[in-house]
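S.K.: following is a predicted model, sequence given first.
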Amino acid sequence: MSGFWKPGSERPKLVDDEEGGVLFFSAPRASAGGYGYANLERQRLRLPVYKFRTAILYLIENHATTIIVGETGSGKTTQVPQYLKEAGWAESGRVIACTQPRRLAVQSVASRVAEEMGVKLGEEVGYTIRFEDMTTPNKTMIKFLTDGVLLREMMEDPLLTKYSVIMVDEAHERSLSTDMLLGLLKKVQRRRPELRLIISSATIEAKSMASFFSSSKKRSIQASVDNVPQAVPGIISVEGKGFPVEILYSEEPFSNYVEAAVSTVISIHGQEPAGDILVFLTGQDDIEMAASLLREESQALESLSSGLLILPLYSGLPRAEQDLVFSPTPRGKRKVIISTNIAETSLTLEGVVYVVDCGFSKQRFYNPISDIENLVVAPISKASARQRAGRAGRVRAGKCFRLYTEEYFVKEMAAEGIPEMQRSNLASSVIQLKSLGIDNILGFDWMSPPSPESMIRALEVLYSLGILDDDAKLTTPTGFQVAEFPLDPMISKMILSANNNGCSEEAITIAAVLSIQSIWVSIRGSQRELDDAKLRFAAAEGDHISYLNVYKGFLDSGKSPQWCHKNFINYQAMKKVIEIRDQLIRLLKRLGMVPGSCEGDTMAVQKAIVAGFFSNACRFDPLGQNGMYKSLRSSQEVYIHPSSVLFRVNPKWVIYHSIVSTDRQYMRNVLAIDPSWLTEAAPHFYQLQKPYLGAL
Ligand code: CDP
Ligand code: MG
């Protein structure tokens, strides 16, 4: 195949002691004989993890913590909770929990396990993600949930008493919530020696995990005591027989990885034998772009158009489309799944033989100096690249096409990714720890401690929001109330301020819309019509107020799907908005507040938003080019995102909800404000910014 070469064949190999030209990954042979045919029970028995069933159960019985390492697809997530149930860990009302960093993975594995057990999802096997609880009290025995949801549950029940076993899955991902959980669960173990923890991971970070759980400030109880497990973690590696994956690098770097991915898929389809293709891109935008390019190109080449089944995969994808990704490939077709890094380890896809890896993923980065957190398309690590390649070797020998050079892989790619803890805004984490009574946050038992700068920044922001007091304790009532909301603290603060301004209904609508990806339908090639539709709802004050118009229109239409269709609004998203609203209203009432509406007093709503988001204020720079703004805090250059109703309107003062960076830093969800509201909402905060006082 042109453009790629096989390492070790034509060129001398660069030295990388870990990476050979051919990698062996463990892959179950369950599906080797044609997936979709073997019955579920037979498939279960063929998974690599099955051979270790007795050993795993023995370790869990005898050790407080068990670490399970095994390649993606070996059966950790779907099987271990079932083994535990079969061994009696869910008897007498106890529950087995299994956490995942991603919502989509939670739903997908829960429905798979329910299917394998032949039960209805939401009963014996259930799941909980933020704003969605599919469990039945006193019936659910195996519960899948995001690590963030389990953290929230600790606020109600700090010792997590209903769980007999907690499996922290995908620990190698080192998500912010996973890391917090690990530190907190270690504490819980001291108080609940009978609790069993399972840490499962796709990579061999087992040693550092093990030493984390072995080291304890207080000496743990000895194993000789009845019914108390050993404190030293048990470790087990569940290896299966691997299929080789041939790695092919591009000869030259590509300038556009979306186009490169598309042409690679087309040449695989033209030249390689049957087998599905998994393409790793970074997010919804480039995935949709690649999908539409691929559709166009395959239609142009008639021979291709019939054979390819093009399927995007990213979180926020409607359920029906998710299901297509997981259903067996129809005879004579070749699936092309274009995915974010969710398919790297969290989800197992059957039938993949070819992987196309663009070498990037979307990652959260926080800069404590500018106080800007954004999602950036950044290079992946070697560890991720290996995981991605491994997805090609599940069914039989496969190939991985890396859209970067071998030299780049060897010399430039970092060995491991940076834990999310060290590249995130910590405001939410600080609130959660504080509300769990952990006051000395720097002294907390972190797997990898966050930087002091980001910790200080978080404390400063929380202080200026009135969430922490002079002693860095949660304030009453604001701090404790904010901690109750499963939302970003700035949004929670906005809702509480709106409550004081008599417009909590409006603030809750805004919060609900901001907590889903987009309420607009993204249909290929109809940007103009979408823009026209947006104009119908556009408010001069900005995006937040425009959302109120959309919501009102939706209610006035009688929540009509046709109305949504006509206005380029995603009906499913609006239904979700209604659900989230209902939950937030209930929460507000539980906190003793009475939701109210200010009926068109837009300024009251704007002020409430400012009360939460004052630190995201920016000023138009008349000397700058092309609509440049400068952030008040750190004079960062930012621009209004083209999707905003204020794009090209450029009000003098704005605040934003979030930043996305591509070629520039773009503000998403922008609101026009009056600068006097900033000093009104946060006098301390803006007094600090002396150079700007004149400007205000
Ligand atoms: O967690 P781990 O990566 O070790 O494996 P798993 O997710 O438990 O997957 C074990 C097997 O179940 C794989 O062979 C998958 O093909 C299958 N599976 C599936 O068919 N559908 C799902 N939604 C999840 C798993
Ligand atoms: Mg798994």
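M.R.: Arrived safely, thanks for sending. Ligands and ions are numbered 1, 2, ... in the order given.
S.K.: quick one, helices of the stretch 51-200 of the chain?
M.R.: Applying DSSP state H, counting those that start in this stretch to the stretch 51-200 of the chain gives helices spanning 53-62, 76-86, 103-117, 147-156, 176-191.
S.K.: which one, of these, ends up nearest to residue 277?
M.R.: helix 103-117 (19.9 Å; C-beta to C-beta). For every residue, glycine as well, the C-beta is placed using N, CA and C.
S.K.: angle of that closest one against helix 76-86?
M.R.: 50 degrees (axes from the mean of the first three to the mean of the last three C-alpha atoms, to 10 degrees).
S.K.: and the angle for helix 103-117 with helix 147-156?
M.R.: Going by the same axes, to 10 degrees, helix 103-117 makes 90 degrees with helix 147-156.
S.K.: please save the CA atoms from helix 103-117 in CSV.
M.R.: Provided in CSV are the C-alpha atoms of helix 103-117 (Å, rounded to 0.1, in the frame of the first residue of the first chain):
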residue,chain,number,x,y,z
ARG,A,103,-21.0,7.6,30.3
LEU,A,104,-21.4,5.9,27.0
ALA,A,105,-19.3,2.9,28.3
VAL,A,106,-21.5,2.7,31.4
GLN,A,107,-24.6,2.3,29.3
SER,A,108,-23.1,0.0,26.8
VAL,A,109,-21.5,-2.5,29.2
ALA,A,110,-24.6,-2.5,31.5
SER,A,111,-26.8,-3.4,28.6
ARG,A,112,-24.4,-6.1,27.5
VAL,A,113,-24.3,-7.7,31.0
ALA,A,114,-28.1,-7.5,31.3
GLU,A,115,-28.3,-9.3,28.0
GLU,A,116,-25.8,-12.0,29.0
MET,A,117,-27.7,-12.6,32.3
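S.K.: which strands or helices does it pack on?
M.R.: Judged by 3 or more C-beta pairs under 8 Å, 6 or more residues apart in numbering; DSSP states H and E, the packing partners of helix 103-117 are helix 40-46, helix 76-86, strand 95-100, strand 125-129, strand 142-146, helix 319-326.
S.K.: packing partners for the helix or strand containing residue 461?
M.R.: Assessed by DSSP states H and E, residue 461 sits inside helix 452-464. Counting contacts by 3+ C-beta pairs under 8 Å, 6+ apart, helix 452-464 packs against helix 427-435, helix 683-687.
S.K.: list the buried residues for the helix or strand that it is followed by?
M.R.: Using DSSP H and E, the helix or strand that follows helix 452-464 in sequence is helix 478-484. The neighbour-count check on helix 478-484 (16 or more other C-beta atoms under 10 Å) flags 478-479, 481-484 as buried.
S.K.: circling back to that earlier point, which of the helices and strands packed on helix 103-117 comes out lowest on mean pLDDT?
M.R.: Per-stretch averages of pLDDT across the helices and strands packed on helix 103-117 put helix 319-326 at the bottom, with a mean of 84.
S.K.: after that helix, next one along is what?
M.R.: With DSSP H and E, the next secondary element past helix 319-326 is strand 334-339.
S.K.: quick one: name the residues of the stretch 1-150 of the chain near ligand 1.
M.R.: Proximity of the stretch 1-150 of the chain to ligand 1 (C-beta under 6 Å from any ligand atom) is limited to residues 28, 30, 47, 70, 72-79, 108-109, 112.
S.K.: so which of those residues wins on neighbours?
M.R.: residue 73 (30 neighbours; other C-beta atoms under 10 Å).
S.K.: quick check: mean pLDDT across stretch 631-648?
M.R.: When pLDDT is averaged over stretch 631-648, the result is 93.
S.K.: let me see the ranges of the strands in the stretch 251-400 of the chain.
M.R.: 276-280, 308-313, 334-339, 352-357, 360-367, 372-379, 398-402 (DSSP state E, counting those that start in this stretch).
S.K.: redo those strands as TSV? Include mean neighbour count and mean pLDDT.
M.R.: Putting the strands of the stretch 251-400 of the chain into TSV (neighbours: other C-beta atoms under 10 Å; pLDDT from 0 to 100) gives the following:
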stretch	mean neighbour count	mean pLDDT
strand 276-280	27	97
strand 308-313	20	93
strand 334-339	24	96
strand 352-357	26	97
strand 360-367	19	91
strand 372-379	18	87
strand 398-402	25	97
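S.K.: for ligand 1, which of the ones you listed is the nearest?
M.R.: Closest to ligand 1 of the strands of the stretch 251-400 of the chain is strand 352-357 (C-beta to the nearest ligand atom; 10.1 Å).
S.K.: pairing partners for the closest one, with directions?
M.R.: strand 276-280 (parallel), strand 398-402 (parallel) (DSSP bridges).
S.K.: switch those strands over to CSV; also include distance to ligand 1.
M.R.: What follows is the strands paired with strand 352-357, written out as CSV (distance: least, C-beta to the nearest ligand atom, whole Å):
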stretch, distance to ligand 1
strand 276-280, 12
strand 398-402, 15
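S.K.: residue contacts, the residue of the stretch 551-696 of the chain found nearest ligand 1?
M.R.: Relative to ligand 1, the nearest point of the stretch 551-696 of the chain is residue 572 (20.9 Å; C-beta to the nearest ligand atom). The contact partners of residue 572, taken as C-beta atoms under 8 Å, 6 or more residues apart in numbering, are residue 318.
S.K.: rerun at 10 Å
M.R.: Going by C-beta atoms under 10 Å, 6 or more residues apart in numbering, residue 572 touches 316, 318-320, 516, 519, 521, 561, 564.
S.K.: and the host helix or strand of it, how far from the chain's centre?
M.R.: Following DSSP H and E, one finds residue 572 within helix 571-590. From the chain centre to the centre of helix 571-590 is a distance of 21 Å (C-alpha atoms, centre = their mean, to the nearest Å).
S.K.: buried ones in the next helix or strand after it?
M.R.: Downstream of helix 571-590, the first helix or strand assigned by DSSP H and E is helix 602-613. Under the neighbour-count criterion of 16+ other C-beta under 10 Å, helix 602-613 has 602, 604-613 buried.
S.K.: can you check stretch 117-124 too?
M.R.: Quick answer for stretch 117-124 (16+ other C-beta under 10 Å): 117, 119, 121-122, 124.
S.K.: and stretch 391-398, by the same measure?
M.R.: Buried residues in stretch 391-398, counting neighbours by 16+ other C-beta under 10 Å, are found at 391-396, 398.
S.K.: out of these, which is nearest to ligand 1?
M.R.: For the buried residues of stretch 391-398, the nearest to ligand 1 is residue 394 (7.1 Å; C-beta to the nearest ligand atom).
S.K.: any idea how far the closest one is from residue 73?
M.R.: Distance from residue 394 to residue 73, counting by C-beta to C-beta, to the nearest Å: 5 Å.
S.K.: residue 212 too?
M.R.: Residue 212 is 26 Å from residue 73, by C-beta to C-beta.
S.K.: phi, psi for the closest residue to ligand 1 within the stretch 251-400 of the chain please.
M.R.: In the stretch 251-400 of the chain, no residue comes nearer to ligand 1 than residue 348, which is 3.8 Å away by C-beta to the nearest ligand atom. Backbone dihedrals for residue 348, given as degrees, to the nearest 10, come out at phi -100, psi 130.
S.K.: alright, calling it a day.
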